[in-house]
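Q: Predicted model and sequence below, questions to follow.
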Amino acid sequence: MFISICWISTNSTVLVLAQSSKIKGKIVENVKEAGLEFASVSLIRLPDSVTVSTQLTNEKGGYDFADIKPGNYFITASFIGYENGKSASFSVNAADLTVPALMLNTGTDTLSELTVKGNKPLLERKIDRMVFNLSNSLAAKGTDLLQALAWVPMLKVEQSEISIIGKGGVSVMINERMVQLRGNELVNYLKTLRSDDIEKIEIITTPPAKYEAQGNGGLINIVLKKNQSLGWRGSLGTSYSQNTYPSYANNMALFFRSKKLSSSSTFNQSNYRSIVKESFNITGRPSEIISNEKRLGTSPGLQTGISIDYELNKHNNIGLIYNISDNKSNTTFNNSYSFVTGSSIDSVLNTTGKFSRPLFTQTLNIYHDFKIDSTGKKLTSSVNFFMNNPEMKNDFISESENTCASVQNNNLSKYNIWSVQSDLTLPYKWAKIETGIKLAHFNNNANVEYYNYLGEVFILDKTRSNEFDYTESNLASYFSMESELSKKWEAKAGLRYEYTLLEGYSPTLDQRNKRNYGALFPTAYIVYKANKNHVFSLNYSRRINRPSLNSLNPFAYYTNNYTYYTGNPLLLPSYSNNVELNYLYKGRFSFTVFQQHTSDIISNLTTVSGPTLVTSRGNFLTQNNLGAYLSFNRSLFKWWDHSIYASFFYASPKSKIATISTPSGTSASFGINNSFNATSLLTFYLNYNHNLPSTDRNVYTYRQRSLRMGARIKLLDNNLIISPAYFLGTVSKYDFHYSEFVQTTATDYNYNTFTLSLTYSFGRSKVSGNNKDIRFDEKRRAQ
């Protein structure tokens, strides 16, 4: 039914003279005044500005929102190539309402019923990063941040890992500050953030000079929406997962903002249970090893954090971030090693045991921001401290026909990492300059103990035990300059220098290793905007990958009497040179071609001598990679959002060790994401990923597939979201080729999981607490 309305000029509010429950309207463009198909329309509730529902217009530019509760609302609309539109506010009671047509302007005129601002496409190419404007994605609206990340091009979201396709694991930042969480802790934290609070997500595949040169995985930066609402808000979440065993996770987040103070606090509690079945076979030798293992694990954990930012005056902000976590991982395992000659089994070694890894970590960041003037000049300084005390304990009994050994093998470590840094940003009309310095120091004390059970007591075996002390200091400085050369051209260049001093000492072996080295890490970017539909960019960066602190410990860690892992104190860092050529079409289709040369790659090396199997690490590989990645995002209908991606890689490795086979190889993958809006309160999704068989260095990877499906149900004015989901994955299987044998590993992580998640939000939806964090990448090497 049609309802008469009138305009109140004093406050530009539409007053409904009858009650309504359905809102209809039309989006038109200002040239032909014709309806705009596929325009994005959102219904916003007042006074808290919550997005009630979002949909795409039909072929005539029409939209309709059903089942709308009484209250005050307004309409926003956007379409690529047009300025965003906003209607006047109106009141809804219980009858149908038709909102006057909302006109989107291609020019700069402001209409009486319209507030406009520059429209952004779904994808944008900035000078050193790709930008995914999350607020323009229908599929990502009304989800938690972890679910929203699955729609971001180039990102791959696994059960407890986020990576850039072709790059591996990434570091996550919020508003340019690093999130100091990993694995399940990071996943639980991302679930506390709502996609409606996120403005955009930036994918940085070649990080500029201001970031550490360590690692080759890239960065993602999550940019929150800017608002100045005062007060507090929070969220409560819980999830239950079921495969063979049940798991659960609970989280809570609170945010507060006043005129001077902003703060946020999080709490996560979880208990994950798992069953893993793994086969490990050495074939191609006269004497072969056939191994099967079953592991049952539990990982209870607690994590809490607080972040506080205080504005001393208009020029100075101070703040601190403190995170603490306590995780207790326990695994029982049962392993069978068969030693085979021809078709005959010579002997069988059965091992049962328990592996525990309690892990207590603390991270403290203290910072000061000094705003030099109103043009954006800023000096940021921070002090960071990280402490990690992993205690790996492995108790096992190995039995065969002729032997029986009971062993305790412990690895007690203590990591202390601190850093100080200062960054200066100087924006000018002609260029933006960034420069800074950083000092980071690592200290690792490790004690490996091997005990044999003899005569009802455990006796320390000093020949298999070791102490290891390691210190490392990194000094870094950088300079970069960014400039808009013309309306079509932008350029940025930077140079970072890092100098490392390290020393490793084993009192047991009386062995000391010292090394000092320095390196330059240049970066360069250029962007050409042919027009609003076609954007090209070219990037270059040099990176370093230093060995993890644990991999430098020279002594052995056993899993049974004949199998152990040993570190290598002589490991060198590997270096890579990366070049990317990117093309973006209409903010929806992206295509990237990249080339990478990496030398002294840190790789695993397996050696077999009789029944003994040893895994170590070395710098024996050099590799050239050539690859391509494409993605396409589009709303096919107003109820169907769709995205696809595909990638291809060619690898050409060379080995310094003749026994390691390194044929050239290829790999390819593709994925399809679909979101179906049944109603404004009910959404279904179906995502599929497929990795084709591939060869990389001496490793052949078998086909891997995954399927994820689920739904999102919104209740209680969108404050309660219920998300049932189902995930199905395949076994991970690899062949490692050596000249004398083939090592085949197949791991079944039981990827057949049903999950039910609930999230409830309360308080003022537009309040944002302090989400700052500090760049502190060094701590990753201690985890």
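A: Here it is on my side, so go on.
Q: Please make it C-alpha for all contacts and neighbour counts, starting now.
A: OK.
Q: How about the residue nearest the centre of the chain: which residues does it bridge to?
A: In the chain, the C-alpha nearest the mean C-alpha coordinate belongs to residue 162, at 3.6 Å (CA atoms, centre = their mean). Assessed by DSSP bridges, residue 162 has beta-bridge partners residue 157.
Q: For it, give its distance to residue 124.
A: 21 Å (CA to CA, to the nearest Å).
Q: tally of neighbours for residue 623?
A: 20 (other CA atoms under 10 Å).
Q: And the one 5 residues further on, by the same measure?
A: Residue 628 has 19 neighbouring residues, counting by other CA under 10 Å.
Q: doesn't it fall inside a strand?
A: Yes - counting by DSSP: H, G, I helix; E, B strand; the rest coil, residue 628 is located in a strand.
Q: so the residue nearest to it when sequence neighbours are not counted is in which element?
A: Counting by CA to CA, 6 or more residues apart in numbering, residue 628 lies nearest to residue 593, which is 4.3 Å off, once chain neighbours are set aside. Using DSSP states H and E, residue 593 falls within strand 589-609.
Q: Give the pairing partners of that strand; include direction for each.
A: Here, using DSSP bridges, strand 589-609 pairs with strand 574-585 (antiparallel), strand 612-637 (antiparallel).
Q: give me the beta-bridge partners of residue 711?
A: residue 684.
Q: which ones are touching it?
A: With contact taken as CA atoms under 8 Å, 6 or more residues apart in numbering, residue 711 is in contact with 682-685, 723-725.
Q: Please pick the buried ones from those residues.
A: Listed as buried from these are 683-685, 723-725; burial here means 16 or more other CA atoms under 10 Å.
Q: okay, now residue 370: neighbour count?
A: 17.
Q: From the contact counts, what lies against the longest helix seen in the chain?
A: Determined from DSSP state H, the single longest helix within the chain is helix 183-190. Contacts defined by 3 or more CA pairs under 8 Å, 6 or more residues apart in numbering; DSSP states H and E place helix 183-190 against helix 145-149, strand 246-257, strand 261-283.
Q: which residues are in contact with the next helix or strand along the chain from that helix?
A: Next in sequence after helix 183-190, counting helices and strands by DSSP H and E, comes strand 198-204. For strand 198-204, contacts defined as CA under 8 Å, 6+ apart pick out 128-135, 152, 154, 218-225.
Q: Tell me how many other residues crowd residue 457.
A: 9.
Q: could you list every residue that touches it?
A: Applying CA under 8 Å, 6+ apart, no residues contact residue 457.
Q: Bridged to it, which residues?
A: Under the criterion used (DSSP bridges), residue 457 bridges to residue 454.
Q: Show me the shaky parts of this structure.
A: 1-20, 31-33, 80-81, 106-119, 142, 159-160, 168, 180-184, 226-229, 765-783 (pLDDT under 70).
Q: Surely residue 192 touches residue 233?
A: No - applying CA atoms under 8 Å as the test, residue 192 and residue 233 come out as separate, 11.9 Å apart.
Q: Look at the two and report which has more neighbours.
A: Shown here are residue 192 and residue 233; by other CA under 10 Å, residue 192 has more neighbours (27 against 20).
Q: roughly how far apart are that one and residue 136?
A: 21 Å.
Q: still on that earlier bit, go through the longest helix of the chain and flag the buried ones.
A: Neighbour-count burial for helix 183-190 [16+ other CA under 10 Å]: 184-190.
Q: Which member of those is positioned nearest residue 42?
A: Closest approach to residue 42 among the buried residues of helix 183-190 (CA to CA): residue 190, at 24.4 Å.
Q: what number of residues lie near residue 463?
A: 11.
Q: still on that earlier bit, turn the helices and strands packed on helix 183-190 into JSON lines, columns for distance to residue 605.
A: JSON lines is the format used below for the helices and strands packed on helix 183-190 (distance: least, CA to CA, whole Å):
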{"stretch": "helix 145-149", "distance to residue 605": "35"}
{"stretch": "strand 246-257", "distance to residue 605": "35"}
{"stretch": "strand 261-283", "distance to residue 605": "13"}
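Q: TSV for these, including mean neighbour count and distance to residue 104?
A: Formatted as TSV, those follow (neighbours: other CA atoms under 10 Å; distance: least, CA to CA, whole Å):
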stretch	mean neighbour count	distance to residue 104
helix 145-149	22	28
strand 246-257	21	34
strand 261-283	20	36
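Q: Quick check: which of the ones you listed is nearest to residue 496?
A: helix 145-149 (30.2 Å).
Q: Show me what that closest one is packed up against.
A: Looks like helix 145-149 contacts strand 155-157, helix 183-190 (3+ CA pairs under 8 Å, 6+ apart).
Q: Using PDB, write out every CA atom in that helix.
A: What follows is helix 145-149 as a C-alpha-only set of coordinates in PDB (Å, rounded to 0.1, in the frame of the first residue of the first chain):
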ATOM      1  CA  LEU A 145      36.200 -10.300  10.400                       C
ATOM      2  CA  LEU A 146      37.600 -13.900   9.900                       C
ATOM      3  CA  GLN A 147      34.600 -14.800   7.700                       C
ATOM      4  CA  ALA A 148      35.000 -11.500   5.700                       C
ATOM      5  CA  LEU A 149      38.700 -12.200   5.000                       C
END
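Q: what sits up against it?
A: Against helix 145-149 from outside (CA under 8 Å, 6+ apart): 134, 139-141, 155, 157, 187, 190-195.
Q: Surely residue 656 is in contact with residue 621?
A: Yes - with contacts defined as CA under 8 Å, residue 656 counts as touching residue 621 at a distance of 6.4 Å.
Q: And the two? Which one has more around it.
A: residue 621 (21 against 11).
Q: How about the contacts made by the more buried one?
A: Residue 621 makes contact with 599-603, 653-656, according to CA under 8 Å, 6+ apart.
Q: Name the nearest residue to it, sequence neighbours excluded.
A: Nearest non-adjacent residue to residue 621 (CA to CA, 6+ apart): residue 655, at 4.7 Å.
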